[in-house]
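Asker: Next comes the sequence, and after it the predicted model I'd like to discuss.
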Amino acid sequence: MKIVVIGGTGLIGSKLIGKLGEHGHEAVPASPNTGVNTLTGEGLAEVLTGASVVIDVSNSPSFEDAAVLEFFETSTRNLLAAEAEAGVGHHVALSVVGDDRLPDSGYLRAKVAQEKLIAGSSIPYSIVRATQFFEFVAGIADAGTENGVIRVPDARIQPMAAEDVATAVGRVSVGEPLNAATEIGGPEELTFEQLIQQFIDATGDQRKVVVDPHGRYFGTELAEHSLCTDAGATLAQTTYADWLKSH
């Protein structure tokens, strides 16, 4: 089966290409690096010829509110139109757990807009909402750092390994379209303090971690479980402790 992975040269996309190929599928990476641009439509018709499934794990080059909304709306519209022309039977998109609970986040508002376009199209679809990745913990710590102190919100997080994200998205992509959203997450909930402190301890970082009841996550105030999965989610196997040891 030919499966085109939009964003196929990135963190999740490159792992997907490898996993799908190992299972005998013709997995084709599509990104500006391979001559495919979903914002302009360049290369879409060619790469989608003969494709049964399209997986969109692409991301905006800018996280500024207007720019990220423009990216997801424009690229998704272009992609869905090209899929309709090519007769693609399953559109799979990677999204974010909690995107519909945090309207103050411009990035998450853009993901909600993307999901609405997908659900409203004629293409059978599956939306996979994932929790944050272990690979992003360093960035979370840096974003909360001021004067050598990492301020973290008084909330919980349920991160997972990028490898497990790719595995879950791959499984959904070769199944029947869900025509709905499904959630995937890590095997355990951690407080932000635990998440960052364990990272600091493992890397020998000297910064101090402080819990701020009004601390924000990339500008957004969180409720306790804003970033955690609901009941019925598929949970990955890799624990944070095991991931830290292996990385």
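Answerer: Sure, I can see it. Numbers count the residues shown, from 1 in each chain.

Asker: For this protein, give me the ranges with low pLDDT.
Answerer: Low-confidence segments of the chain (pLDDT under 70): none present.

Asker: and residue 100, what does it touch?
Answerer: Contacts of residue 100 were listed using CB atoms under 8 Å, 6 or more residues apart in numbering, and they are 108, 112. The C-beta positions use only the backbone N, C-alpha and C, and glycine is treated the same way.

Asker: SS state for it?
Answerer: The three-state label for residue 100, taken from DSSP: H, G, I helix; E, B strand; the rest coil, comes out as helix.

Asker: Pull up the gap between it and residue 131, please.
Answerer: In this structure, residue 100 and residue 131 are 14 Å apart, going by CB to CB, to the nearest Å.

Asker: how close does residue 5 sit to residue 190?
Answerer: According to CB to CB, residue 5 and residue 190 sit 30 Å apart.

Asker: What are the contacting residues of the longest helix along the chain?
Answerer: With DSSP state H setting the assignment, residue counts place helix 65-86 as the longest helix in the chain. For helix 65-86, the surrounding residues in contact (CB under 8 Å, 6+ apart) are 6, 38-41, 44-45, 48-51, 54, 56, 58, 60-62, 91, 93, 106-107, 109-111, 113-114, 117-118, 121-123.

Asker: ok so, going back, what about residue 5 and residue 190, which has more around it?
Answerer: Between residue 5 and residue 190, counting by other CB atoms under 10 Å, residue 5 is the more crowded of the two (30 against 17).

Asker: isn't there a strand covering that one?
Answerer: Yes: assessed with three-state DSSP, residue 5 lies in a strand.

Asker: Would you quantify the distance from the nearest residue to residue 233 once chain neighbours are set aside to residue 163?
Answerer: Distance criterion CB to CB, 6 or more residues apart in numbering; nearest residue to residue 233, sequence neighbours excluded, is residue 183 at 3.8 Å. Going from residue 183 to residue 163 by CB to CB gives 18 Å.

Asker: higher neighbour count, these two?
Answerer: Between residue 183 and residue 163, residue 183 has the larger neighbour count (other CB under 10 Å), namely 23 against 20.

Asker: Quick check: the more buried one is in a strand.
Answerer: Yes: secondary structure of residue 183, determined by three-state DSSP: located in a strand.

Asker: That one touches residue 235, doesn't it?
Answerer: No: proximity of residue 183 to residue 235 does not meet the contact threshold set by CB atoms under 8 Å, at 9.4 Å.

Asker: can you dump the C-alpha coordinates of the longest helix of the chain into PDB?
Answerer: Extracted C-alpha coordinates of helix 65-86, given in PDB (Å, rounded to 0.1, in the frame of the first residue of the first chain):
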ATOM      1  CA  ASP A  65      -0.500  32.900  16.400                       C
ATOM      2  CA  ALA A  66      -1.500  34.300  13.000                       C
ATOM      3  CA  ALA A  67       1.300  32.400  11.200                       C
ATOM      4  CA  VAL A  68       0.500  29.000  12.700                       C
ATOM      5  CA  LEU A  69      -3.200  29.300  11.900                       C
ATOM      6  CA  GLU A  70      -2.400  30.300   8.300                       C
ATOM      7  CA  PHE A  71      -0.100  27.300   8.000                       C
ATOM      8  CA  PHE A  72      -2.500  24.700   9.300                       C
ATOM      9  CA  GLU A  73      -5.600  26.000   7.500                       C
ATOM     10  CA  THR A  74      -3.900  26.600   4.100                       C
ATOM     11  CA  SER A  75      -1.800  23.400   4.100                       C
ATOM     12  CA  THR A  76      -4.800  21.300   5.200                       C
ATOM     13  CA  ARG A  77      -7.100  22.700   2.600                       C
ATOM     14  CA  ASN A  78      -4.600  22.200  -0.200                       C
ATOM     15  CA  LEU A  79      -3.800  18.700   1.000                       C
ATOM     16  CA  LEU A  80      -7.500  17.600   1.300                       C
ATOM     17  CA  ALA A  81      -8.300  19.000  -2.200                       C
ATOM     18  CA  ALA A  82      -5.300  17.100  -3.700                       C
ATOM     19  CA  GLU A  83      -6.400  13.900  -1.900                       C
ATOM     20  CA  ALA A  84      -9.900  14.200  -3.300                       C
ATOM     21  CA  GLU A  85      -8.500  14.600  -6.800                       C
ATOM     22  CA  ALA A  86      -6.200  11.600  -6.300                       C
END
